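# starting from these lines, generate the structure:
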Amino acid sequence: MEGTSRIKQLPEEVISRIAAGEVVENPASVLRELLENSIDAGATRIDITVEEGGKKLIKVVDDGHGMNDREIELAVRRFTTSKISSVDDLESIGTLGFRGEALYAIGSVSRLAIRSKRADEDIGYEGYFEEAELVELKPAPIGAGTTVTVRDLFYNFPVRRKFLGSDYAEARRIIEVVTDYALAHPGISFSLRIDGKDIMNLGQASSPIERIEQIYGQDFIEETITLTSKFGEKLTIHGAISRPDRVKKSPLTQLLFVNGRRIRDNRLRAAIYGAYEQEKMHPQYILFIEVDPRFVDFNIHPQKKEVKFHRTLRMYEKLMKSVRETLNRSRTTYSHLGEMPTMRIVETPITHVGETGGRQMEIGEMQPRLQAEERREEIRDESTYIPEKIWQIHDSYIIAQVRSGFIIVDQHAAHERILYEKLRKRKYNTQNFLFPIVLNLTPKEFAVFQDISGILEGYGFRIKILSGRTAVVEGAPDIFKNPTKEIFLEIIDELQDVKSLPDRHLELLKTLACKAAIKAGDKLSGEEMNALLDQLFSCENPFFCPHGRPTVIKISLEELERKFARNL
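Residues are numbered from 1 along each chain as shown. As a prediction, the model looks like this:
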C-alpha cells in the first residue's frame, strides 16, 4: 500500500548550508582553510587583514602558484581540488587540504572574491561569487599569487551569525590560528593586521626553534630544552619542552602539531605529563610530529582537528620515550654542572564557583538561614579572638581562640579578600620599580594586554607599550611586594577568555588580589597573623574570598564537646 513518505530529499540550498556549517564554524575556521590553501600553493609570504573579528572582512594575500581564469571558476565548485585525484591518494595525503569543499563552503555563506595570477601567465583574473555561484569573472592587474577576500560572513545565514562571539573573542581565535600556522611553517613570512592594528609581522625563520623565539621570545627559549627524536623513516619528533625545573602551576603553552597541522589529543598530552612525573605541575611544550602520511589519518574530522595514528606506530609510547630521554639528558647535564635546582612541587589552586550571573555571591546566599543579626553577631564573635592564643599550622592555616570556640583561617583566601577590597576601594599607593619589568609578549598575549592596559593603569599600574610586542611595567600598587614577569604573564593568560568589559574589570581585580596575596606555605610571625585577622574582620565580606571560597571555618565549643562525648 502506497502512502505519503515522511522522508524527503533536501533541497540543494539546504544541503549547501549544512555542508558549509561543518567546515565554516566561525571566522577563524574560514581563515584556517584559506591559510592551508596558500601553504599548499607554495607561498613564501602570507599577509592577512581582518576587520570586526573577521565577520566583516577576512583578506588573505599570498605569493603562491596562483590560478588562471578557468581554475578560479572551478575552485569554488564543490569537491574540486588539485590535491588528490583517486581513492589511493587518500591513503597518503601530503597536503594540508584535500577534500575540495572549503572554498565552496565559504562562498556559500559569504560574499567571496578571488584575484589570482599564475607566474607563467601575463594576465591575472578576478572572480566574484554570491552563495558559491560565479557572478563575474574579469581580467585584473595582479602579481603572481592569489588574493582571497571574504566579506559579510554568514550574511545569508543569520542563525549562525547570531551565535558568533564578540569581535574581541573572534579576533583572539584568529590570532591563535595564525600563530599555529606560523609555528608549523617557519619558512613562510606571515603578517596579521586587525582593525588597522599590526598584530604580527614575522619574517622567514631558518628553523622551528627560531620561529618559536620570534613568537614567544628569548625567555621561553631559556626555560625550555630542545627535543629531537627520529624513529626510522616513519617518524620524527622535534620541538621545545619545559626544563624540568621550569614547569608551571598552570598550562600556559601546550601545542602539538602533526604534519604541519595543530591537533588536540588528550592521550598524547597525557604521555608528555607522564614523562615529567611531577604531580599537579604543568610543562610547556611546542612539539612537531612528522609522520609518513601512510601512517596517519586526518580524514576523521570536518576541520581536521583530530588525527588517528596507525597502531603499529605506537605513538603514545614513542612520544613519552622521547620526552623522558630528553629530560634525563637535561638532568644529567645540570647534575654534572652542579646547577640542578631543587624542584618544589606546589599545589595547583582549586577553582571554585564564586559568581552567580556576574554578581558576587554573598554570605546570605551560601548560608540562607544566617540572617543579618546573626551575621553581625558571628562577626563580633570571630573578630574578638585572643591575640596571645593564635597559631599557624602547616604554614597555611591560622588557628585562633574566640569567645565561643575557635576559628581556622585560610591565610591565602583571607589575604585575597583583604587585597580585593583595597583594590576595589583604591586604598593603596603606586610604587615605582627600581628595575622595570619588561614583557616580550606573543601576538595573542599582546592583543589581550592592549585591551586591559587601560584598566591596569586605572588601578595604579604604570605601563609603556614599546615597538613590536614589548611592554614595560614601571610601577604597580604597593600591595605587590615582589612583582615578577611571571605574575603579569599569568594575569594575561587568565584574562584571555573574559569577553565583556565589566567582567574583565571584576576578573582583573580578583586575579590581582590572588597573585599579590600571601600563599599557602608562607611562614607568618605572630604579629603578621594578628594583622591579617584584624584586616580580614574589617572587610565588608570577611567570610569569603573573591572567588567564593570560605576564608574562615568556626568550630564551636558545643561541637568540640560532642566530638569528645563530653555532653553525654
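
# output the longest strand belonging to the protein.
Assignment by DSSP state E gives strand 430-440 as the longest strand of the chain.

# give the buried residues for it.
Along strand 430-440, these residues count as buried under the neighbour rule (16 or more other Cβ atoms under 10 Å): 431, 437, 439-440. Glycine gets a C-beta too; all of them are placed from N, C-alpha and C.

# and those, which is closest to Ser38?
Set against Ser38, the nearest of the buried residues of strand 430-440 by Cβ to Cβ is Asn440 (27.8 Å).

# got the residue ranges for the helices in the stretch 101-250 of the chain?
With DSSP state H, counting those that start in this stretch as the criterion, the stretch 101-250 of the chain has helices at 102-108, 158-162, 167-184, 208-222.

# that older thread, any idea which of the buried residues of strand 430-440 is the one closest to Ala240?
Nearest to Ala240 among those: Asn440, at 16.0 Å, using Cβ to Cβ.

# not counting sequence-adjacent ones, nearest residue to that closest one?
Gly217 (3.7 Å; Cβ to Cβ, 6 or more residues apart in numbering).

# what's the answer for Thr326, then?
Using Cβ to Cβ, 6+ apart, the closest residue to Thr326 is Leu227 (4.5 Å).

# what's the neighbour count on the one you found?
Around Leu227 sit 22 other residues, with neighbours defined as other Cβ atoms under 10 Å.

# now the strand or helix carrying Thr49, how far from the chain's geometric center?
Secondary structure from DSSP states H and E places Thr49 in strand 45-51. Strand 45-51 sits 21 Å away from the centroid of its parent chain (Cα atoms, centre = their mean, to the nearest Å).

# stretch 249-257 too?
With Cα atoms, centre = their mean, you get 8 Å for stretch 249-257.

# over to stretch 145-164?
On Cα atoms, centre = their mean, the centre of stretch 145-164 falls 24 Å from that of its chain.

# name the residues that touch it?
17, 20-21, 24, 26-27, 30, 34, 37-38, 41, 43, 53-64, 66-67, 106, 109-117, 131, 170 (Cβ atoms under 8 Å, 6 or more residues apart in numbering).

# looking at those, which are in strands?
Those of these lying in strands (DSSP E): 57-62, 111-117.

# ChimeraX command to pick out the buried ones of those?
Buried residues among the ones in strands among the contacts of stretch 145-164 (16+ other Cβ under 10 Å), as a ChimeraX selection:
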select :57,58,59,60,61,62,111,112,113,114,115,116,117
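
# please, where are all the strands along the stretch 401-550 of the chain?
405-410, 430-440, 462-465, 470-477 (DSSP state E, counting those that start in this stretch).

# what's near enough to touch the nearest residue to Phe480 once chain neighbours are set aside?
Among residues not flanking Phe480 along the chain, Ala516 sits closest, at 4.9 Å (Cβ to Cβ, 6+ apart). Taking Cβ under 8 Å, 6+ apart as the criterion, Ala516 is in contact with 419, 477, 479-481.

# number of residues surrounding Glu133?
11.

# and what of the one 5 residues further on?
When counting by other Cβ under 10 Å, one arrives at 9 neighbours for Lys138.

# just to revisit the earlier point, the residue nearest to Asn440 and Pro443 touch, don't they?
No. Counting by Cβ atoms under 8 Å, Gly217 does not reach Pro443; the two are 11.4 Å apart.

# so these two - more neighbours on which side?
Counted by other Cβ under 10 Å, Gly217 and Pro443 do not tie: Pro443 has more neighbours, with 24 against 18.

# so Glu490 touches Lys515, yeah?
Yes. With contact defined as Cβ under 8 Å, Glu490 reaches Lys515; the gap is 6.6 Å.

# for the stretch 151-300 of the chain, which spans come out with low pLDDT?
Scanning the stretch 151-300 of the chain for pLDDT under 70 picks out 298-300.

# just give the nearest non-adjacent residue to His65, would you?
Nearest non-adjacent residue to His65 (Cβ to Cβ, 6+ apart): Ala41, at 4.8 Å.

# can you list phi and psi of the one you found for me?
Here the main-chain torsion angles of Ala41 (degrees, to the nearest 10) amount to phi -80, psi 10.

# for it, give me its contacts.
Counting by Cβ under 8 Å, 6+ apart, Ala41 has contacts 62, 64-66, 146.

# can you tell me which of those are buried?
62, 64-66, 146.

# and those, which is closest to His282?
Asp62 (36.1 Å).

# and that closest one, how far is that from Gln214?
19 Å (Cβ to Cβ, to the nearest Å).

# and Phe190, by the same measure?
10 Å.

# more neighbours, the two?
Phe190 (27 against 19).

# identify the bridge partners of the more buried one.
Ile46, Leu202 (DSSP bridges).

# tell me which of the helices of the stretch 101-250 of the chain lies nearest to Gln392.
Among the helices of the stretch 101-250 of the chain, helix 208-222 sits nearest to Gln392 (Cβ to Cβ), with 35.1 Å.

# what does the closest one contact?
Against helix 208-222 from outside (Cβ under 8 Å, 6+ apart): 179, 182-183, 186, 202-203, 205, 226, 238-240, 253, 284, 286, 288, 440-443, 485.

# export that helix to PDB, keeping only CA atoms.
Provided in PDB are the C-alpha atoms of helix 208-222 (Å, rounded to 0.1, in the frame of the first residue of the first chain):
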ATOM      1  CA  PRO A 208      61.200  25.800  14.100                       C
ATOM      2  CA  ILE A 209      63.200  26.900  17.200                       C
ATOM      3  CA  GLU A 210      63.900  30.300  15.600                       C
ATOM      4  CA  ARG A 211      60.200  30.700  14.800                       C
ATOM      5  CA  ILE A 212      59.300  29.800  18.400                       C
ATOM      6  CA  GLU A 213      61.700  32.600  19.600                       C
ATOM      7  CA  GLN A 214      60.100  35.100  17.100                       C
ATOM      8  CA  ILE A 215      56.700  34.500  18.700                       C
ATOM      9  CA  TYR A 216      57.400  33.600  22.300                       C
ATOM     10  CA  GLY A 217      60.600  35.400  22.900                       C
ATOM     11  CA  GLN A 218      64.000  34.600  24.300                       C
ATOM     12  CA  ASP A 219      62.600  33.900  27.800                       C
ATOM     13  CA  PHE A 220      60.600  31.000  26.500                       C
ATOM     14  CA  ILE A 221      63.700  29.500  24.800                       C
ATOM     15  CA  GLU A 222      65.700  29.800  28.100                       C
END
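
# mutual contacts of Phe190 and Gln214, please.
With Cβ under 8 Å, 6+ apart, Phe190 and Gln214 have common neighbours Leu202.

# so Asp297 sits right up against Arg311, yeah?
No. Judged on Cβ under 8 Å, Asp297 makes no contact with Arg311 at a distance of 11.6 Å.

# the more surrounded of those two?
Remark: of Asp297 and Arg311, Asp297 carries more neighbours, 16 against 8, as counted by other Cβ under 10 Å.

# and the gap between the more buried one and Ser322?
22 Å.

# hang on, the earlier thing: can you redo the ones in strands among the contacts of stretch 145-164 as CSV with distance to Arg261 and pLDDT?
CSV is the format used below for those (distance: Cβ to Cβ, whole Å; pLDDT from 0 to 100):
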residue, distance to Arg261, pLDDT
Leu57, 25, 97
Ile58, 20, 97
Lys59, 23, 97
Val60, 17, 97
Val61, 22, 97
Asp62, 18, 96
Arg111, 28, 94
Leu112, 24, 95
Ala113, 27, 95
Ile114, 23, 94
Arg115, 27, 96
Ser116, 24, 95
Lys117, 28, 94
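
# from the ones in strands among the contacts of stretch 145-164, which is closest to Val409?
Distances from Val409 to these, taken by Cβ to Cβ, are shortest for Ile58, at 53.1 Å.

# good, wrapping up.
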